[in-house]
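Undergrad: No sequence on hand, only this structure:
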């Protein structure tokens, strides 16, 4: 009897080492690696726009564009990392190399605060126009640091969760499903706690101890992350590298193109197992399953491979409708600049760091997830007298609406802030603190948190419900791909608005002097674009038709609100 490759490798591993690798013993090392990495990397984000403007003398537009391109690279490279991990390097080596790249990038960034000539000299406030621009070498060191950190994120982020699951999801473990569920819970819980620590503790240190200490601590944390991960190498179970889903998609497209002149048979083609039949949608892809010669049978694609690509193509319009929401969420630099000019005191002796206001977005997401599962659904079910489920497409649409509301409210708050600044005589002093509490920023951040919780979580559920199980890795990658594209689109919108509004010597809407600019108009422009995108989403949603969560068993129905109502027991 043939022994499957994974089982055979497990048997050899147990025989050679005296114990089976993997298991719960590896969890503390993997969770520690993920937690330290997230505190280190996310701790650098909130205040980075202030660092670029104060120490590199960039304009708001240039500094924000640098951060958006960095964000795009950080979100797009994990897709390449997932491909390399699945088809070439394996997850352990990918995470290890990613950790090394991240560590080197953070060291380079820290060196910009240590080496005197690594950044421009301090401006002389008494001499207007004395701020020197960075030299190409100084810019090069900064961008090299960002590049290394993005490459590092591309190695760590797509593999960490899957690598942890590899250690538990073993066939000889009768409790693997329960242990796996527990691991996922701990993984996301530690990730959220790590981000909260980054947005509060690291940002506070940067504000009060300076950039040298504030950037040095992430270096230490990233070193610990790498060290903790590597020392447990003898304990890890490494899954054999296989062909990636991306390779499969390329093969389907290639074979369909190669067979484009062939005629499909009248009857649907079945694969060698005869278990599935091709669908009629995107029928030209079915040609990838046709064999022109008997000796080419091993080269043709299976029906599963073709249907997986069809499933991906089918969701792309709905996926694209989420990009504009991600654009609005990419405006995180502006609230930091606004908070910097507002009263941030909680008590007479303590004030919230400007970069820590993103904390309210994370807290909102946490509260919503708990309320939705523990309060909202049980309450709706109690009111209707039967179990209720709110469809993913309804939640995704609601998230887009909250995103529009967030941009409208952001514009209103900024208009009030700027009006107060002008009334108080701060038109030419963008660093002055106006008599307005920064707590006014919290409602818009709460709306952004609700938008993210509804749309992003809804997206993830939608992909997982629509894709076959073999495409679970693609489902998680689509969000990162959307975020990367959104960062590039946000950079394009920002650059276009800046270029158009400063024509003829006028002050740009996104002026470095926040009191002379028109940030409120920029927010409202995003609200208009988001509104257009909402109608695009509605059109895509209707064209898509019912999704898997709306395939209702006999005797059940979907009510007009999109809620899935089970039949009553009476």
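TA: Everything's here; your move. In this text, all values refer to a predicted model and were calculated from it rather than measured experimentally. Residues are numbered from 1 along each chain as shown.
Undergrad: mean confidence score for stretch 251-268?
TA: Confidence for stretch 251-268, expressed as mean pLDDT, is 80.
Undergrad: Can you tell me how far residue 439 is from residue 463?
TA: 37 Å (Cβ to Cβ, to the nearest Å). Bear in mind the C-beta positions are built from the backbone N, C-alpha and C, glycine included.
Undergrad: who has more neighbours, those two?
TA: More crowded of residue 439 and residue 463, by other Cβ atoms under 10 Å: residue 463, with 23 against 16.
Undergrad: What segments of the stretch 451-570 of the chain are helices?
TA: Per DSSP state H, counting those that start in this stretch, the stretch 451-570 of the chain carries helices over the ranges 472-501, 519-544.
Undergrad: ok, now which ones touch the residue nearest the centre of the chain?
TA: Residue closest to the mean C-alpha point of the chain, counted by Cα atoms, centre = their mean, is residue 480 at 4.7 Å. Counting by Cβ atoms under 8 Å, 6 or more residues apart in numbering, residue 480 touches 75-76, 78-79, 157-158.
Undergrad: now, which of these lie within helices?
TA: Taking DSSP state H as the definition of helices, these contribute 75-76, 78-79.
Undergrad: would you list those in JSON lines and tack on pLDDT, distance to residue 317 and neighbour count?
TA: Shown next, in JSON lines, are the ones in helices among the contacts of residue 480 (pLDDT from 0 to 100; distance: Cβ to Cβ, whole Å; neighbours: other Cβ atoms under 10 Å):
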{"residue": "75", "pLDDT": "91", "distance to residue 317": "20", "neighbour count": "24"}
{"residue": "76", "pLDDT": "92", "distance to residue 317": "20", "neighbour count": "19"}
{"residue": "78", "pLDDT": "89", "distance to residue 317": "23", "neighbour count": "25"}
{"residue": "79", "pLDDT": "88", "distance to residue 317": "20", "neighbour count": "18"}
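Undergrad: circling back to that earlier point, out of the helices of the stretch 451-570 of the chain, indicate the one that is most buried.
TA: Stretch with highest mean neighbour count among the helices of the stretch 451-570 of the chain: helix 472-501 (a mean of 19; mean count of other Cβ atoms under 10 Å).
Undergrad: Lowest-scoring secondary structure element of this protein by mean pLDDT?
TA: Across the helices and strands of the chain, mean pLDDT, DSSP states H and E gives its lowest value to strand 557-558, namely a mean of 38.
Undergrad: any idea how far residue 523 is from residue 387?
TA: As judged by Cβ to Cβ, residue 387 and residue 523 stand 40 Å apart.
Undergrad: Kindly report the same for residue 390.
TA: In terms of Cβ to Cβ, residue 390 sits 29 Å off from residue 523.
Undergrad: give me every residue that touches residue 107.
TA: For residue 107, the contacting residues are residue 219, by Cβ under 8 Å, 6+ apart.
Undergrad: which SS state does it fall under?
TA: For residue 107, the secondary-structure state derived from DSSP: H, G, I helix; E, B strand; the rest coil is helix.
Undergrad: what about residue 91, how many neighbours?
TA: Residue 91: 25 neighbours (other Cβ under 10 Å).
Undergrad: With the one 5 residues further on instead?
TA: A count of nearby residues for residue 96, using other Cβ under 10 Å, gives 20.
Undergrad: and it, what element?
TA: Per DSSP states H and E, residue 96 falls inside helix 91-114.
Undergrad: swap in residue 132?
TA: Applying DSSP H and E, one finds residue 132 in no helix or strand.
Undergrad: swap in residue 386?
TA: In this assignment (DSSP H and E), residue 386 forms part of neither any helix nor any strand.
Undergrad: Can you list phi and psi of it for me?
TA: phi -160, psi 160 (degrees, to the nearest 10).
Undergrad: quick one: pLDDT of it?
TA: On the pLDDT scale, residue 386 is placed at 84.
Undergrad: Likewise for residue 298?
TA: Confidence score, pLDDT, at residue 298: 67.
Undergrad: All further residue positions should be reported with the first residue as 356.
TA: Right, with 356 as the first residue, what we last looked at is residue 653.
Undergrad: related to what we said a few turns ago, what are the buried residues along the helix holding residue 451?
TA: For helix 446-469, burial by neighbour count (16 or more other Cβ atoms under 10 Å) applies to 446-465, 467-468.
Undergrad: for that helix, what is the average pLDDT?
TA: The average pLDDT within helix 446-469 is 95.
Undergrad: thinking again about what came up before, may I see the helices of the stretch 806-925 of the chain organised as TSV, with distance to residue 599 added?
TA: Output for the helices of the stretch 806-925 of the chain, formatted as TSV (distance: least, Cβ to Cβ, whole Å):
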stretch	distance to residue 599
helix 827-856	8
helix 874-899	26
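Undergrad: Dump the contacts of residue 835 into a markdown table; add distance to residue 896 as well.
TA: Converted to a markdown table, the contacts of residue 835 look like this (distance: Cβ to Cβ, whole Å):
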| residue | distance to residue 896 |
| --- | --- |
| 430 | 24 |
| 431 | 26 |
| 433 | 27 |
| 434 | 25 |
| 512 | 29 |
| 513 | 28 |
